[in-house]
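Chemist: quick check, what structure comes out for this input:
(one chain, ligands or ions: 2)
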Amino acid sequence: MASAREQMYLMAILLIFSPSKLTLSNAGAVTGQPIPPEWPHQFHAFMFMNESGILQKLDLWYDWPNGRNFNIIQNQLDHVVSYDLEWTNGTSFVYTLDPSDPTCKVVDFGVGILRPNWLDGATYLGQQHVDNFLCNVWAKVDFIVYYEEVLTRRPVRIHWSRDDI
Ligand SMILES: *[C@@H]1O[C@H](CO)[C@@H](O)[C@H](O)[C@H]1NC(C)=O
Ligand SMILES: *[C@@H]1O[C@H](CO)[C@@H](O)[C@H](O)[C@H]1NC(C)=O
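Modeler: Numbering: from 1, shown residues only. Ligands and ions are numbered 1, 2, ... in the order given. Below you'll find the predicted structure:
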């Protein structure tokens, strides 16, 4: 059963997401609007996340060919690192390796990891400055807003709000 958790994600995504691996699509031939990117099928990104006020640093290893997404999560001011290994069949293993208090739980989110082309069909919202980056902005369904730096095509921020995933 999918666990209900209120989510308001704000992810600032940094560097390591290598721009050279991005599919650089040109402006749409018909609309003249930028087309949302397809993600590289494997990448490493470093993110800062604000989940309804809980601040976390995430080391994210996305691996589509192997059907997994690995997050190494550090909460602000917490010495414990937790690991979240998400599989494309919807199962996640969430665990810590803290010798004094090792934990492990299996969570079924019902949905797998994001597909590389998950932004297909997103609505272009124009350009905005985010953290000093000039970004193209797209909305996907009604709860995800994606910001990508115009110059390098690196993701800069994802704003995610939903209460049932
Ligand atoms: C985190 O998000 C909350 C709203 O959910 C906001 O009030 C707070 O200012 C944010 N914190 C930072 C450091 O951005
Ligand atoms: C999902 O895949 C993982 C990795 O192969 C596996 O360990 C897990 O048991 C699978 N979950 C289900 C519900 O089949």
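
Chemist: got the contact list for the residue of the chain most remote from its centre?
Modeler: What lies farthest from the middle of the chain is Ser100; by Cα atoms, centre = their mean that is 30.6 Å. Residues near Ser100 by Cβ atoms under 8 Å, 6 or more residues apart in numbering: none. All C-beta spots, glycine's among them, are computed from the backbone N, C-alpha and C.

Chemist: which SS state does Cys135 fall under?
Modeler: Using DSSP: H, G, I helix; E, B strand; the rest coil, the structure places Cys135 in strand.

Chemist: start the count at 493, not 1, going forward
Modeler: Yes, from this point I'll number from 493; that puts the last item at Cys627.

Chemist: how close does the closest residue to it other than its chain neighbours get to Thr595?
Modeler: Spatial nearest neighbour of Cys627, excluding adjacent residues (Cβ to Cβ, 6 or more residues apart in numbering): Tyr639 at 4.1 Å. Tyr639 is 34 Å from Thr595, where distance means Cβ to Cβ, to the nearest Å.

Chemist: those two: which is more packed in?
Modeler: Tyr639 (25 against 11; other Cβ atoms under 10 Å).

Chemist: in which helix or strand does the more buried one reside?
Modeler: strand 636-641 (DSSP states H and E).

Chemist: which helix or which strand is home to the residue of the chain found nearest ligand 1?
Modeler: Residue nearest to ligand 1 within the chain: Asn542 (3.7 Å; Cβ to the nearest ligand atom). If you go by DSSP H and E, Asn542 is part of strand 534-543.

Chemist: the next helix-or-strand element following that strand - contacts with which helices or strands?
Modeler: Where DSSP H and E defines the elements, the next helix or strand beyond strand 534-543 is strand 546-555. Packing partners of strand 546-555 (3 or more Cβ pairs under 8 Å, 6 or more residues apart in numbering; DSSP states H and E): strand 534-543, strand 560-567.

Chemist: check contacts around Asn561.
Modeler: Leu552, Trp553, Tyr554, Asp555, Leu577, Glu578, Ile605, Leu606.

Chemist: okay if I get these as JSON lines plus neighbour count, distance to Cys627 and pLDDT?
Modeler: Formatted as JSON lines, the contacts of Asn561 follow (neighbours: other Cβ atoms under 10 Å; distance: Cβ to Cβ, whole Å; pLDDT from 0 to 100):
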{"residue": "Leu552", "neighbour count": "20", "distance to Cys627": "19", "pLDDT": "93"}
{"residue": "Trp553", "neighbour count": "15", "distance to Cys627": "24", "pLDDT": "94"}
{"residue": "Tyr554", "neighbour count": "20", "distance to Cys627": "20", "pLDDT": "94"}
{"residue": "Asp555", "neighbour count": "15", "distance to Cys627": "26", "pLDDT": "95"}
{"residue": "Leu577", "neighbour count": "15", "distance to Cys627": "30", "pLDDT": "96"}
{"residue": "Glu578", "neighbour count": "22", "distance to Cys627": "26", "pLDDT": "95"}
{"residue": "Ile605", "neighbour count": "20", "distance to Cys627": "24", "pLDDT": "92"}
{"residue": "Leu606", "neighbour count": "15", "distance to Cys627": "19", "pLDDT": "91"}
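
Chemist: all set, thanks.
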